[in-house]
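J.: Predicted model and sequence follow; I will ask about them next.
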Protein chains: 2
Amino acid sequence: MNRVKDYRKAAKLTQFELAQAVGVARQTINLVENDKYNPSLDLCIRLAQVLHTDLNQLFWEGQVHEK
Amino acid sequence: MNRVKDYRKAAKLTQFELAQAVGVARQTINLVENDKYNPSLDLCIRLAQVLHTDLNQLFWEGQVHEK
DNA sequence: TACAAATGTCAACTATATATGACATTTAAT
DNA sequence: ATTAAATGTCATATATAGTTGACATTTGTA
């Protein structure tokens, strides 16, 4: 489970508004939030930018890597 | 420019070996390293795991976000 | 209860990530 | 100077990300 929905709600955006902000369809946001598929890196980066966070926060949750 | 090539060389892997390790074709690694396209999140995550790093290190370089 | 906004989901379509095979060029070692 | 390994790149094919439109369900609010 990624954390897009959490960050979107924290930003008080609807799926539709987030979709517009990153330039994809509303359904695409819905599918990403529900892990129905595998977004492109480009979309991940735009999501992180619009949600004022970064790739690790959104998509690296629970991974055990430490530097 | 992402840093896949830097991390691959640090791990002393060839493009072919890295491709095998993450389960894609060698050409795919080549294209990713040279920013010829837009990999899937899934591939990005496998690259980060195999290269013992994380998404931000590989693909968030130069982005200005701080938590 | 009723209504509207937000969300989930389906089917059909289009764009593009990724595969495969092949070949040219570069790099490194002999 | 040769040779092999590694890399860059092309063309064609396939899988799947992302679109569009539509409708059902949920959630919040009057």
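T.: Nice, I can see it.

J.: Determine whether any part of stretch A:52-67 lies close to DNA strand C.
T.: No - Stretch A:52-67 lies out of reach of DNA strand C by Cβ under 7 Å from any atom of the strand, never closer than 14.1 Å. C-betas here are computed from N, CA, C, even on glycine.

J.: Give me the buried stretch members for the longest helix seen in chain A, please.
T.: The helix spanning the most residues in chain A, taking DSSP state H as the definition, is helix A:41-50. Neighbour-count burial for helix A:41-50 flags A:41, A:43-48, A:50 (criterion: 16 or more other Cβ atoms under 10 Å in any protein chain shown).

J.: For chain A, which residues are neighbours of DNA strand C?
T.: A:14-16, A:26-27, A:30-31, A:33-34, A:40, A:42.

J.: Narrow those to just the buried residues.
T.: A:15, A:33, A:40.

J.: Filter the residues of chain A next to DNA strand C down to just the ones in helices.
T.: Using DSSP H, these in helices are A:15-16, A:26-27, A:30-31, A:33, A:42.

J.: Same list (those residues) but as a markdown table, adding pLDDT.
T.: Shown next, in a markdown table, are those (pLDDT from 0 to 100):
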| residue | pLDDT |
| --- | --- |
| A:15 | 96 |
| A:16 | 96 |
| A:26 | 96 |
| A:27 | 95 |
| A:30 | 96 |
| A:31 | 95 |
| A:33 | 96 |
| A:42 | 95 |
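
J.: Cheers, nothing more for now.
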